[in-house]
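1. starting from these lines, generate the structure:
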Amino acid sequence: MDGTGPQLIGFTLNGQSVDVSAAPGERLSATLRERLGARDVKIGCNAGDCGACTVLVDGESTCACLMSTAQIEGRKVETLAGLAQNDADTKALAEAFQNHGAAQCGICTPGMMVAATAYLRNKDSSIEDALGGVLCRCTGYRKIIDAVTEAAGGGAVALHGTGALGTSIRRLDGVDKVEGRESFGDDVAPIGTAVVHVIRSPFPRASFEFGDLEGFETHTDGVLAVLTAADIKGRNCFGVIAPFADQPVFAVAETRFRGEAVAAVVGTPELMARFHDGDFPVRWSELPAVMTPDAAMKPDAPQLHSGRSGNIMTSGFVQCGDADRALGTAEHRATGQFDTAFVEHGYIEPEAGYATVNGDRVEIHACTQAPVMDLDSLEEILAMDRSRIRIVPTAVGGGFGSKLDISVQPYLALAALKTGGPVRITYSRGESMQSTTKRHPAQMQVSIGADAQGHLQGFRFDGVFNTGAYASWGPTVANRVPVHASGPYRVKDYRAEAVGVHTHCPPSGAFRGFGVPQAAIAQEVLFDELAQKLGMDPLAFRELNALENGMPTVCGQVFEQGVGIKACFTALRGPWADALADAAEFNAKAGAIRRGVGIAAGWYGCGNTSLPNPSTIKSGVQADGQIVLHQGAMDIGQGANTVISQIFAQALGCDVHRLKLIGADTDVTPDAGKTSASRQTFVSGNAARLSGLALRADILRRCNIDSAAAVIEAGDGVIIVRDGAEVHEVSLNGLPADADGYVLRAQESYDPPTKPLDKNGQGVPYAQFGYAAHLAVVDVDMQLGTVHPVRFVAAHDVGHAINPMLVEGQVHGGIAQGLGMALMEEFIPGRTENLHDYLMPTIGDIPPIETLIIEEPDAHGPYGAKGLGEHVLIPTAPALINAINRAAGVQMRRVPVTPARLRAAIQETGHD
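-> Coordinates of the predicted model:
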């Protein structure tokens with residue numbers, strides 16, 4: 001054998017002997033997934049940075065992407081799918097992971113559980129060390145540590161119950177996650193499916209010309225098709241907000257950011273495994289680019305889009321009273337400019353999907369947060385009636401906002417239609433980081449005043465947000481930030497403006513907070529400075545100025561109940577006092593490590609800003625008695641499948657575990673709206689409540705009873721209703737079934753009551769807000785400038801905690817992302833396009849987190865519940881920065897607070 005052709009490799013996989021033909025240098029991860037069908041082995045980076053592909057090789061944790069298949073000749077390989085069936089330690093982990101909610105989206109779970117299995121077998125290191133090579137972007141790691149501790153004999157926390165509201169139950173979709181059976185975007189295509197690869201710009205701005213595309217397609221073995229803008233029969237444009245839609249599927253003549261698509265090649269898997277972009281006939285000419293808003297707004301700057309003079313996309317504005325006058329007469333003022341960076345979403349699952357053509361219809365299976373929005377876009381791009389397009393979402397391995405925008409969907413659809421399908425696509429990690437949306441960098445100039453007693457007196461916010469090459473969710477950020485920049489406080493004289501500016505950077509889009517976390521940094525850090533000038537305790541200063549029921553917000557909106565920020569502050573009084581005393585004692589030792597305590601608050605309006613935002617939920621009863629819930633709210637790890645089912649079951653009056661769940665699918669499940677803006681528990685939860693109540697009313701009417709205490713059960717061909725000692729049966733035999741096979745059904749919608757904002761931003765932007773306050777304790781090394789978070793205490797007003805375990809999971813995950821934003825995460829186009837150079841928190845970076853659940857019921861929320869997803873991240877970074885400032889005696893104005901920046905600030909102040 002000369003080593004240049006495929007080699008036959010024999011090894012043991014999950015206890016079975018296998019022989020596989022592998023190309024020289026072929027990664028073990030590719031062999032397992034694409035030759036042996038072991039799709040439980042996940043690919044997050046192909047560089048050993050994320051650990052998602054962790055398997056056991058002769059009992060040792062190994063990144064399968066870093067080992068060639070030739071290296072395992074005669075060895076023993078174990079993956080989660082095999083371990084979950086046969087290994088006692090892994091089975092214990094599966095139970096514990098479900099008990100603690102340690103698997104959220106589930107994409108990292110196979111790697112995490114395999115690494116944990118190795119730990120349980122040996123216990124020759126700490127849990128953190130054993131799992132340190134596997135990244136998780138959802139959980140914040142603490143639940144994972146708790147689960148592994150339980151599996152190691154730390155005491156079980158088994159969850160049982162019917163799913164009644166306020167009780168913690170396991171995720172209804174949890175078993176597939178912990179057994180490696182969850183199918184994500186790259187898991188659904190059959191082995192051997194043709195591959196789509198996108199050709200992208202290597203420059204931030206460039207003109208380009210194609211060479212002989214026809215010759216390339218005809219004479220390159222394995223090429224099935226080439227796609228360019230000429231293949232688009234409809235509109236070569238997409239965007240999430242119709243009036244601002246501006247991004248082409250394929251650029252024409254000129255690109256506007258590094259990573260922009262200009263063409264795509266469809267080829268056999270064998271060709272695409274060795275294909276290089278340099279083989280494609282395209283000539284590039286780099287052009288001058290503007291990478292910052294300051295450069296983009298100069299008079300001589302190149303204009304990215306016609307009709308957007310000065311590269312200004314749009315702006316948002318809120319004003320009440322006279323901010324400048326109030327600031328001019330304020331006893332104390334705090335002013336500063338704050339700068340934040342691009343932040344990468346960092347989900348462990350890169351964008352991926354699969355498409356087929358069935359008759360005259362195209363079906364797209366892909367990871368998405370918004371299937372109906374995908375359908376809307378493809379209808380225009382393909383110029384096809386929407387009845388001929390079907391979107392079937394796969395499981396989503398994290399989204400956090402970026403998977404709201406379409407990515408792979410048009411390339412899959414175009415390729416399938418041109419070739420007759422089927423086709424698949426999976427972005428590389430670098431491709432994902434180049435081409436998908438980021439958190440908006442912000443430049444914020446803020447001034448806040450207070451009178452001698454500490455009452456806020458004047459507040460002015462001016463923010464410039466780098467929206468990148470295309471609009472994406474930039475208009476939402478521009479409009480949401482001025483509404484929220486005050487924080488959850490009473491401000492009578494206020495002026496806030498946010499401007500979105502185009503640059504030749506990747507598009508900035510939705511990322512857990514839509515610009516509010518950036519604004520909160522400026523506001524909450526200046527609050528600490530004001531409190532210091534006043535000689536007031538920072539918590540007392542915030543309590544004094546906190547919104548209460550009956551007080552108008554800066555938009556003039558008045559909530560008669562449910563304003564929970566003061567309750568959050570009250571809950572932190574004891575932990576705050578204890579943490580300050582502990583820090584004083586620690587710092588009395590006068591060492592190089594200084595301890596600091598910080599506090600910050602946040603609020604967030606759930607749903608769209610002053611726009612329609614409906615959700616629809618369908619339910620039905622089959623002739624055999626099965627109760628079915630069509631749950632179209634995409635679960636991207638936050639727990640929508642479980643929470644919305646719990647709300648529906650509560651309304652219907654049944655055990656949640658007896659439901660059959662059908663997920664999002666544009667053919668069979670109504671539109672529950674996009675998973676964004678912390679809206680699903682609130683909006684889709686309300687639709688589920690209404691659907692459950694309607695179905696219940698139909699059932700009870702057939703029993704001729706009207707009882708709030710009646711319990712509904714599914715029987716064999718009957719629905720059983722238990723009302724105290726009485727038992728009723730509704731026979732389903734003979735009832736006509738509809739097109740969905742339901743003999744009883746209910747479909748209901750809910751749209752939050754909001755009102756448009758006037759020219760000064762006055763109105764009713766959201767039907768509900770959620771509230772939060774975080775306490776952070778950090779240790780700062782004054783010599784090195786490093787920051788070690790010690791612990792968090794997080795108080796969150798969720799209205800009504802539908803599932804407290806899932807609430808804690810969201811809190812932990814949001815804090816981890818906020819910590820990354822504050823201390824380490826900074827995406828630099830062209831430089832940090834991998835998970836090695838782009839730093840995200842690992843299991844060793846997240847300290848213990850205490851979650852304090854506050855319940856101030858909301859009038860509009862289902863059973864009083866409020867949204868949560870975004871709220872968690874908002875106070876985290878400012879709480880950390882305030883803790884750093886207090887520890888080191890500095891005033892940090894730029895995030896992330898890297899060791900170099902902090903050390904420079906310490907030296908400048910002379911506190912070292």
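
2. how about the strands in the stretch 101-250 of the chain?
-> Listed in chain order, the strands found in the stretch 101-250 of the chain under DSSP state E, counting those that start in this stretch are 194-200, 206-210, 223-227.

3. show the pLDDT at the residue nearest to residue 13 when sequence neighbours are not counted.
-> Spatial nearest neighbour of residue 13, excluding adjacent residues (CB to CB, 6 or more residues apart in numbering): residue 77 at 5.1 Å. Using the backbone N, CA and C atoms, a C-beta is placed for each residue, glycine as well. The model reports residue 77 with a pLDDT of 98.

4. residue 77 sits in which helix or strand?
-> Residue 77 belongs to strand 76-78 when elements are defined using DSSP states H and E.

5. got it, and residue 348?
-> Short version, using DSSP H and E: residue 348 is in no helix or strand.

6. OK, contacts around it?
-> Residues near residue 348 by CB atoms under 8 Å, 6 or more residues apart in numbering: 42, 44, 50, 52, 105, 107, 108, 135, 136, 137, 397, 398.

7. now the spatially closest residue to the third one that is not a sequence neighbour: how far from residue 189?
-> If you skip the residues right next to it in sequence, residue 50 has residue 44 as its closest partner in space, 3.7 Å away by CB to CB, 6+ apart. Here the distance between residue 44 and residue 189 works out to 17 Å (CB to CB, to the nearest Å).

8. same check, this time on residue 522
-> From residue 522 to residue 189 the distance is 46 Å (CB to CB).

9. repeat that for residue 818.
-> 36 Å.

10. ok, now residue 544?
-> Taken as CB to CB, the span from residue 544 to residue 189 is 59 Å.

11. and the two? Which one has more around it.
-> Legend: neighbour count by other CB atoms under 10 Å for residue 544 and residue 189, higher for residue 189 (25 against 19).

12. got the contact list for residue 78?
-> 13, 14, 55, 56, 59, 87, 114.

13. and the fifth one, how many residues sit next to it?
-> Counted by other CB under 10 Å, the residues lying close to residue 59 total 12.

14. also the fourth one?
-> Other residues within reach of residue 56 by the criterion other CB under 10 Å amount to 23.

15. look up the closest residue to it, ignoring the ones flanking it.
-> Going by CB to CB, 6+ apart, residue 56 has residue 78 as its nearest residue, at 4.1 Å.

16. do the same with the last one
-> Across the structure, with CB to CB, 6+ apart as the measure, the residue nearest residue 114 apart from its sequence neighbours is residue 54 (4.8 Å).

17. what about the one you found, how many neighbours?
-> When neighbours are counted by other CB under 10 Å, residue 54 comes out with 30.

18. likewise residue 894?
-> Neighbours of residue 894 (other CB under 10 Å): 16.

19. what residues are bridge-paired with it?
-> Judged by DSSP bridges, the bridge partners of residue 894 are residue 339.

20. is it true that residue 381 touches residue 247?
-> No. Using CB atoms under 8 Å, residue 381 makes no contact with residue 247, being 11.1 Å away.

21. mutual contacts of the two, please.
-> Common neighbours of residue 381 and residue 247, counting by CB under 8 Å, 6+ apart, are 237, 238.

22. pick the one among the contacts of residue 348 closest to residue 864.
-> Of all the contacts of residue 348, residue 864 sits closest to residue 105, with 27.1 Å by CB to CB.

23. separation between that closest one and residue 744?
-> Using CB to CB, which is the criterion applied here, residue 105 is 34 Å from residue 744.

24. likewise for residue 658?
-> 15 Å.

25. for those two, indicate the residue with more neighbours.
-> Higher neighbour count among residue 658 and residue 744: residue 744, with 21 against 16, using other CB under 10 Å.
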